[in-house]
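Engineer: pasting the sequence and the predicted model now:
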There are 4 protein chains.
Amino acid sequence: MTYAHIEEFKVRDYECDLQGIVNNAVYQNYLEHARHEFLLSKGVDFAALAAQGLNLVVVRAELDYRRPLKSGDAFYVATHFAMQDRVRFQFQQVIHRRADDVICLNALIVGTGMTNSGRPRVPKDLVALLGQ
Amino acid sequence: MTYAHIEEFKVRDYECDLQGIVNNAVYQNYLEHARHEFLLSKGVDFAALAAQGLNLVVVRAELDYRRPLKSGDAFYVATHFAMQDRVRFQFQQVIHRRADDVICLNALIVGTGMTNSGRPRVPKDLVALLGQ
Amino acid sequence: MTYAHIEEFKVRDYECDLQGIVNNAVYQNYLEHARHEFLLSKGVDFAALAAQGLNLVVVRAELDYRRPLKSGDAFYVATHFAMQDRVRFQFQQVIHRRADDVICLNALIVGTGMTNSGRPRVPKDLVALLGQ
Amino acid sequence: MTYAHIEEFKVRDYECDLQGIVNNAVYQNYLEHARHEFLLSKGVDFAALAAQGLNLVVVRAELDYRRPLKSGDAFYVATHFAMQDRVRFQFQQVIHRRADDVICLNALIVGTGMTNSGRPRVPKDLVALLGQ
């Protein structure tokens, strides 16, 4: 699989919990930021869309935690995008530790667009941008 | 299914993101807190175990986001526990909005115990406590 | 000093960092939630105001960390409100550990209202509500 | 004032709250990460010290919020270090928006070292390292 986007990170100490490892919820922060940077690279601005009344939302997340990230670890998130059907898209995302490329987490994130009235909708021009 | 534990919450405004709804990562915070309170009710202290060198960790999370929680929403997390095999346990967790009992999120969280040397292990007395 | 509002909390494990104590930034989350609950008790809804284009914002925070909160600690935030001048209000907030009433943190938070155009403004009816 | 350390950041969307701006507590995360990177650049590892029983802790924070950071903003934290007395050190930290160098936040953070027994202590070799 060729990855559409690579985003580099470094663990920040406040992201670690009392076990001394990155808290499990924080990985979703990393994944979200990587997705938004991918979207931006395609000309799609999550915050601007929200301000215009189209909210990109997560409808399902599957996360396999393989190895914990720790204080000081550099890592990257590889993001691969595909349309799942007419109103849902999916991101396959993998977190690799930078030092040895070991996989720390595998994720499948399914999302959709949602108008303010709660109707799922992914505009065609958005699909066109993401497919480039 | 009978639920082993109910934990009450209220959305805090800092948990909402620029879409005006609770950020998707925050639900994992809610679920973790509900699990730890369930564990405490069984006499199992997550933080004390970590200090003793046994880390309870999440190995897989499946989250279905059904309805967003918003500023001011009261809600509860229902947690059901079962052993999956000898070294893995699973939590089925459901978030309900308090006002109308609508399901906002369904989750399956699989965990294990991990010694400081990285060996998966769930001590028998822990299993006995949780099964009560 | 009589306190205008008391808000009860319990430390959640994800709020603790690798030192095993509540991370210093998290106290601002506690303080904010206590302020917003105080405001709600006066009929002032932070989120609704933001949606209407009036943002209540913090302009200065002074925090004295006295004792760390730890996993499992119950605590409360006492909040006292006063207008500082025509466009600024201040909250004196104190965090007490519930078990022994020991003070864990003293804070002075200065805020203002801000219209979408960036003009500081605290509507008179808001001041009237808060002063009750 | 010459700054000892510059750390580059970019706002992540999950750091913004329902007002569409970075939540006030998140700035303390930025400041902490910048301090820890400064310490690392001097050979002082916050997480390793904690594991060895010396906790660097914040005892006072003064934060002046000048301009809000928003989705997509690049910014940097400038950190200046000085010993305040024998057991307390202080960091003057300024957050600048990268695009126009505008100051978004001024902060004074006072810290100390704390042994596990709760005694304030800053070892001489630590002071020597930081003063270089």
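Structural biologist: All right, it came through fine. Bear in mind the structure is a predicted one, so any value in this text is a computation, not a measurement.

Engineer: okay, helices next: where are they in chain A?
Structural biologist: A:26-41, A:46-51, A:124-131 (DSSP state H).

Engineer: who's in contact with A:Phe46?
Structural biologist: A:36, A:39-40, A:56, D:13, D:71 (CB atoms under 8 Å, 6 or more residues apart in numbering or on different chains). The C-beta positions use only the backbone N, C-alpha and C, and glycine is treated the same way.

Engineer: again, but for A:Val77
Structural biologist: Counting by CB under 8 Å, 6+ apart, A:Val77 has contacts A:6-7, A:9, A:30-31, A:33-34, A:93-95.

Engineer: who in chain A is up against chain C?
Structural biologist: A:13-14, A:16-18, A:20, A:23, A:25, A:71 (CB under 8 Å from any CB of the partner chain).

Engineer: pLDDT-wise, which helix or strand of chain A ranks last?
Structural biologist: helix A:124-131 (a mean of 82; mean pLDDT, DSSP states H and E).

Engineer: packing partners of it?
Structural biologist: When contacts are defined as 3 or more CB pairs under 8 Å, 6 or more residues apart in numbering or on different chains; DSSP states H and E, helix A:124-131 packs onto strand A:74-83.

Engineer: got any ranges where chain A has weak pLDDT?
Structural biologist: Residue ranges of chain A with pLDDT under 70: A:1-3, A:132.

Engineer: which of the contacts of A:Phe46 come close to chain B?
Structural biologist: Near chain B, by the rule CB under 8 Å from any CB, you find D:13, D:71 out of the contacts of A:Phe46.

Engineer: rewinding a little: most widely separated two among the residues of chain A next to chain C?
Structural biologist: A:Ala25 and A:Ser71 (17.0 Å; CB to CB).

Engineer: spatially nearest residue to A:Leu31, not counting backbone neighbours?
Structural biologist: A:Gln93 (5.1 Å; CB to CB, 6 or more residues apart in numbering or on different chains).

Engineer: scratch that, A:Phe38
Structural biologist: A:Phe38 sits nearest to A:His5 (CB to CB, 6+ apart), 3.9 Å away.

Engineer: that neighbour contacts A:His33, correct?
Structural biologist: No: judged on CB atoms under 8 Å, A:His5 makes no contact with A:His33 at a distance of 11.3 Å.

Engineer: ok, back up a step: now the contacts of A:Phe46 as CSV including neighbour count?
Structural biologist: CSV is the format used below for these (neighbours: other CB atoms under 10 Å in any protein chain shown):
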residue, neighbour count
A:His36, 21
A:Leu39, 21
A:Leu40, 16
A:Leu56, 19
D:Asp13, 23
D:Ser71, 23
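
Engineer: what is the nearest of the contacts of A:Phe46 to chain C?
Structural biologist: Chain C lies nearest to D:Ser71 out of the contacts of A:Phe46, by CB to the nearest CB, at 15.2 Å.

Engineer: check contacts around that closest one.
Structural biologist: A:45-47, B:18, D:11, D:13, D:16, D:20.

Engineer: same question for A:Arg67.
Structural biologist: With CB under 8 Å, 6+ apart, A:Arg67 has these contacts: A:97, A:102-104.

Engineer: among the residues you listed, which two are most distant?
Structural biologist: Greatest spacing in those, by CB to CB: A:Arg97 and A:Ile103 (8.1 Å).

Engineer: these two: which is more packed in?
Structural biologist: A:Arg97 (18 against 13; other CB atoms under 10 Å in any protein chain shown).

Engineer: roughly how far apart are the more buried one and A:Glu37?
Structural biologist: Here the criterion is CB to CB, to the nearest Å. By it, A:Arg97 lies 19 Å from A:Glu37.

Engineer: now do A:Arg121
Structural biologist: Counting by CB to CB - A:Arg121 and A:Glu37 are separated by 23 Å.
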